[in-house]
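Undergrad: Everything below, folded, please.
(2 chains)
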Amino acid sequence: MAFSLDTNCGLLNHNIIGPIYCTSTIFPPDILITQFWFNYRHVANTLSVYRSVKRLGIPDSHIVLMLADDMACNYRNPKPATVFSHKNMEFNVYGDDVEVDYRGYEVTVENFLTPRSKRLLSDDRSNILIYLTGQTGNSHGGNGFLKFQDSEEISNMELADAFEQMWQKRRYNELLFIIDTCQGASMYERFYSPNLMALASSQVGEDSLSHQPDLAIGVHLMDKYTFYLLEFLEEVHPASQANMNDLVSVCAHRVSVSPGHHTDLFQRNPGSVLITDFFGSVRKVEITKDTINLTSSVKSGSGDMQIESLTYVDQLPVAEIIHQKPKQKDWHPPDGFILGLWTLILLVFFQTYGIKHLKHIF
Amino acid sequence: SISQSSLFLNKKQHSSSKDQFQEELVIRPLHSGDIYASFQFRTLWDTDFLQEGQKKVSHYRLFPKSLGQVLSKFSVQELHISFTQGFWRTMQWGQPFIPSPPGAELWVWFHDTVSDVDGNWKELTNVLSGIFCASLNFIDMTNTVQPSASFKPLGLGNATDHRFLRYATLPREIVCTENLTPWKKLLPCGSKAGLAVLMKSEKLFHSSFHSQAVHIRPICQDEQCTSKAWELRQTLNVVFDHYTSGQGKKEWSLFKMFSRTLTEACPLASSSKVYVDITDNPELSPATPLLSQAVVLGDRRTYSVYDLTRAETFGQLRSFNLLLRWKGDNMLRPLLHAERYVAGFGLQTGEIHTVIYNNHPYRAFPVLLMDSVPWYLQLYIHTLTVTSKSRDNKPSYIHYQPAKDRHRPHLLEMLIQLPPHSMTEVTVQFERALLKWTEYTPDPNHGFYVGSSVVSALVPSMVAMSTNFTQDQPLFSSFVPVKEESSYFVRVYTEPLLVNLPTPDFSMPYNVICLTCTVVAVGYGSFYNLLTRTFQVDEPSPPLAKRLANFIRRIRGVPLLA
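TA: Alright, predicted model coming up:
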């Protein structure tokens, strides 16, 4: 599968120093219709990370959010326009100010790797955060791929190649890849580009677990890994000095599943990388004391315009409609098939009856 | 005291400023116990960027820049886009101020200088999908039609060549907070002041009907109509069903509906009003002496007006909360309403029935029915029948454009005269196509949607409508330009259809391949063997004792054993 890489995050304005981020999140619903609602927790996972990232300063223009199914306004949701991450409906992660870039059927492997529109422009000074949650191959074998809408998949090799292309095109400075699925570590096994750090919620052969169900909504609200990740991020503020080692150790105390991390490709020591390098954004503001003169607004030349009297159009002009002539179609010469057919008929006729009958016709 | 339009005092003040913004909220209790709230925000922009020889517009004051750039880049003359969740029940709720079909609907009139309308349409849908965070990029040639008689421009214009009109609907489109957020950002005051503070998504989406729309069109700037201005109307219609869903009594307050009260008008607005329909005499508090009468949708209704630009509306507490207790049960029966359903059984054929009701006791009127059916439902137009009162009713105008597989949908437009007090049924049979396996959506067993039919009509009005166009009319009565006094224009949308197409079983390809290959291998292999195997006689090898004995005999030179 060939792909070219433009999915990135962007430095749009050169006055902004410091990292700019993008979060892409995908999660596929299940094959049966009744089970789309079952994957509520994937949406809650994604939206929690989205909220943390926005709270720490990244604007919407630098975030690509992909949600494969609509949970908030789903008819099964007892509280429409809300997605809760904590039981007893404590915390609405959907909020009032969310912008989803790809939703529903638009969440495809193609739009993830090569978006045609709604993409972010990044360059070699931007740090990128990618957060994926969803379903990978089941534990009976078949790891190393992530399902999209249950009808297509992306393999770990494709992801690794995509990141390599991004590196070749100088599209990122450092990249942090977080994945919360079963056997998540299998997705980052094949990475080979430099400056990549990857975190996963479970090792190969292990399943990721969901955290807590809510009895009113009826489904599990979040996955364990993202829940602890969110708790950790809630304590991070834009000037925080917490580093990657703290992030990696945040979920170590889980019961049966151990999260994995892959920092070999990362050039800097993870202990020296701040969390806010990936999750937050700091903008430098330059203050100027000079005055700027604005040109006055365009004055419309109302005197010299030739105004014809304007009227509103009749909404249902019955007489006009009835007498509307059908559009004259352009005349096209007859098709090759028709010509051939008629030639054949004429040939057969003259073959049978002889050419001397021609004078009776003309 | 009741007065017509002279209570709008600030008529003259806006003539010198370039942009103007008005906001209003109309609350209408419905006879089923629900309550209908309709917000309208109108921005008037006095500029004409489609005029030749004028400098490119770069100064935007109240008009949102994103939409202004879209209009100038694609030479759009009129743009109407709506996102709706739920279906408007005409029989229980009457007619809405601004009708809209379920899902997303987009229709655009391009300027007649555009040479490649289809290219502009494609780019326009992509840009709008980014602006409104919706999947409008799924609009392409397979679901776009070019109506020949419906959807005439609602704004100024004299040329109505339908080559410049494009219409598309996405019945499946979901509306949620991510569509409301960019819509609110287009308002001059955003959601921080004025009526837009009431728009909290948790309350708005917990309703039976929610529709938000953007309508852009050129209109007359004054009564003589010597110059034109661009009008951007953002409308939000919502029907709260607290009573019918058993959550409350027939009493509402602004706080109960929106979980907010109003504290101030938008400072950029030249007029900010709340109208409450009191024709059925509900109990209203706080009371207001300002009343207004308006003829809208063929009915004269009385409204209480609250002017938010006046400080005394907010009272001592600096907050305005309206309380309405409703009794009474009258509703004007809607004169026109339509339904649609699919009949038949099985996954091969079916029949679409569209039923249009004319409830006027003695007047007949014509309606224009427009149907856009996707190509995978192959219509048999020779089976089209139109019957009224069990007699054939021949339409006076039919325009049919057949579908082209994977290129174009069917378009059927008919002008039908509806007899008084009757039911007209339009039926057409169809056959379901088998799609290619890559064309199925990830959830094909949900079904495929067919967009709503549109019924446009000029319904005779019981009350004389006013044809004077004034700037100070309330917004809800000035949306559709009125050309004659005795009838009003109305558009009714039917339900969208959900049709199952024959769907292959996507979960079985691996097993089927294995089974087929096994059967073929066993069958073919056996057959091949039978035909080509040759048989040779083979002596069994003698036992060891005999072989040893033969060996010894050979050495001795004695004849061997058998």
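Undergrad: Now that A:L175 has come up, it's in contact with A:A162, right?
TA: No - A:L175 is beyond contact range of A:A162, at 10.7 Å (criterion: CB atoms under 8 Å). C-beta: built from backbone N, CA, C; applies to glycine.
Undergrad: Same drill for those two, tell me which one is more crowded.
TA: A:L175 (26 against 19; other CB atoms under 10 Å in any protein chain shown).
Undergrad: what comes up buried for the helix or strand hosting the more buried one?
TA: According to DSSP states H and E, A:L175 maps onto strand A:174-180. Judged by neighbour count (16 or more other CB atoms under 10 Å in any protein chain shown), strand A:174-180 contains these buried residues: A:174-180.
Undergrad: Turn those into TSV, columns for distance to B:R301 and pLDDT.
TA: Shown next, in TSV, are the buried residues of strand A:174-180 (distance: CB to CB, whole Å; pLDDT from 0 to 100):
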residue	distance to B:R301	pLDDT
A:E174	64	81
A:L175	61	82
A:L176	60	82
A:F177	60	83
A:I178	57	83
A:I179	59	81
A:D180	56	79
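Undergrad: out of the residues you listed, who's nearest A:D290?
TA: For the buried residues of strand A:174-180, the residue nearest A:D290 by CB to CB is A:E174; the value is 36.6 Å.
Undergrad: burial count for B:R363?
TA: 16.
Undergrad: For it, give me phi and psi.
TA: Phi and psi for B:R363, reported as degrees, to the nearest 10, are phi -110, psi 140.
Undergrad: need the contact list for it.
TA: B:420, B:460 (CB atoms under 8 Å, 6 or more residues apart in numbering or on different chains).
Undergrad: if I look at it, how far off is B:F83?
TA: Applying CB to CB, to the nearest Å, the value for B:R363 to B:F83 is 35 Å.
Undergrad: go on, B:K203?
TA: 17 Å.
Undergrad: Neighbour count: those two, which is higher?
TA: More crowded of B:K203 and B:F83, by other CB under 10 Å: B:F83, with 27 against 18.
Undergrad: part of a strand, is that one?
TA: Yes - assessed with DSSP: H, G, I helix; E, B strand; the rest coil, B:F83 lies in a strand.
Undergrad: for it, which residues make a bridge with it?
TA: In this entry, B:F83 is beta-bridged to B:A104, B:Q212, by DSSP bridges.
Undergrad: contacting residues around it?
TA: Here B:F83 is in contact with B:103-104, B:132, B:134, B:173, B:175, B:179, B:211-213 (CB under 8 Å, 6+ apart).
Undergrad: Just name the closest of the residues you listed to chain A, please.
TA: Within the contacts of B:F83, the smallest distance to chain A is 6.7 Å, found for B:V175 (CB to the nearest CB).
Undergrad: Kindly tell me how buried the closest one is, as a neighbour count.
TA: 26.
Undergrad: in terms of contact, does it touch B:H210 like I think?
TA: Yes - in this structure, B:V175 is within contact of B:H210 by CB under 8 Å, at 6.4 Å.
Undergrad: My reading is that A:F349 is in a helix; is that accurate?
TA: Yes - counting by three-state DSSP, A:F349 is found in a helix.
Undergrad: just so I have it, where are all the helices in the stretch 1-150 of chain A?
TA: A:40-55, A:109-113 (DSSP state H, counting those that start in this stretch).
Undergrad: quick one: low-confidence parts of the stretch 51-200 of chain B?
TA: Scanning the stretch 51-200 of chain B with the threshold set as pLDDT under 70 gives B:51-58, B:158-159.
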